[in-house]
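[1] Pasting a predicted model and its sequence here:
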Amino acid sequence: MLALESWARRLLSVLRIITGLLFLEHGTQKLFSFPAPFPFPLSSLLVVQGGLEIVGGVLIILGLFTHPVAFILAGDMAAAYFWSRC
């Protein structure tokens, strides 16, 4: 059990960095068409969402304000999910 506890902080950091990179990738796709062009026309809501994903992804990667940023991004993703289902 002690061996697992010693790896917990490292693995949580890896998970946090990967999650931040995924948010950063989706935000840059929306705003800068990188690494692939965004397939839909941009509305003002998508521009705001892309900005949130870029700023939030960078903050999560750096480990700054992770709890409030994760809360905001979780709400952003929940809203995007429900809007895509309508």
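    Happy to help now that I have it.

[2] Helices of this structure, start to end?
    Using DSSP state H, the helices of the chain run over 2-32, 44-62, 66-85.

[3] Distance-wise, check the residue nearest in space to the middle of the chain relative to Arg85.
    In the chain, the centroid-proximal residue (C-alpha atoms, centre = their mean) is Phe23; its distance is 2.6 Å. Remark: distance between Phe23 and Arg85 (C-beta to C-beta, to the nearest Å) = 21 Å. In this view, the C-beta of every residue, glycine as well, is placed from N, C-alpha and C.

[4] One more: Ala70?
    Using C-beta to C-beta, we find Ala70 at a distance of 23 Å from Arg85.

[5] neighbour-wise, which of those two wins?
    Using other C-beta atoms under 10 Å as the criterion, Ala70 and Arg85 rank with Ala70 on top: 17 against 6.

[6] That one and Gly56: what is the separation?
    Separation of Ala70 from Gly56 (C-beta to C-beta): 8 Å.
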